[in-house]
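> Coordinates only, no sequence provided:
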Ligand code: CA2
């Protein structure tokens, strides 16, 4: 049995679908989880889907992914713009890392234009709403298969 794709989401994304639907869409994080599971299953993969508002917990899960995941998809949310701890954790992975954002941070405020996570990412998917996660899972599944 191959290892799952870890799909991690950062702070405030538990409130997805509740506020700012014009930026982040109407779908909830549970909806996004179902979309990721369906897309992974189409590629013969499974996902471990988790969200945390806490930087350290995200770092713990990234470290867990070193041995337990075939690939990692991460929407670091605001921590992408601030967290060197998350960047350092990601740099320790040898599996593919896909950074994913619902919105396109490059087209928003200046402070969103830099993400530390991108420095450790194999690739980035941004701006497609919930479909960003599906596309990221698809990319992760393809890269994980190639790496076998
Ligand atoms: O577009 C994305 O996915 C972001 O990672 C979302 C982050 C933001 O800081 C990044 O620049 C881009 C914010 C997540 C906040 O989550 C919310 C959920 C529901 C309602 C409002 C915000």
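Structure received. What you see is a predicted model, and the numbers here were worked out from it, not measured in a lab.

> Could you list the residues of this structure in contact with the ligand?
Contacts of the chain with the ligand, taken as Cβ under 6 Å from any ligand atom, map to 12-13, 15-16, 18-20, 24, 75, 77-78, 101-103, 105, 112. To be clear about C-beta, it is placed using only N, CA and C from the backbone, and glycine gets the same treatment.

> could you redo the last one with a cut-off of 5 Å?
12-13, 15-16, 19-20, 75, 77-78, 101-103, 105, 112 (Cβ under 5 Å from any ligand atom).

> Retrieve the pLDDT associated with residue 1.
pLDDT for residue 1: 66.

> wait, residue 123 sits on residue 98?
Yes - with contact defined as Cβ atoms under 8 Å, residue 123 counts as touching residue 98 (5.6 Å).

> who touches both of these two?
Counting by Cβ atoms under 8 Å, 6 or more residues apart in numbering, the contacts common to residue 123 and residue 98 are residue 139.

> more neighbours, these two?
residue 98 (25 against 15; other Cβ atoms under 10 Å).

> and the more buried one, helix, strand or coil?
Following DSSP: H, G, I helix; E, B strand; the rest coil, the label given to residue 98 is strand.

> quick one, strands of the protein?
Assignment of strands within the chain using DSSP state E yields the ranges 5-9, 47-51, 71-75, 97-101, 123-126.
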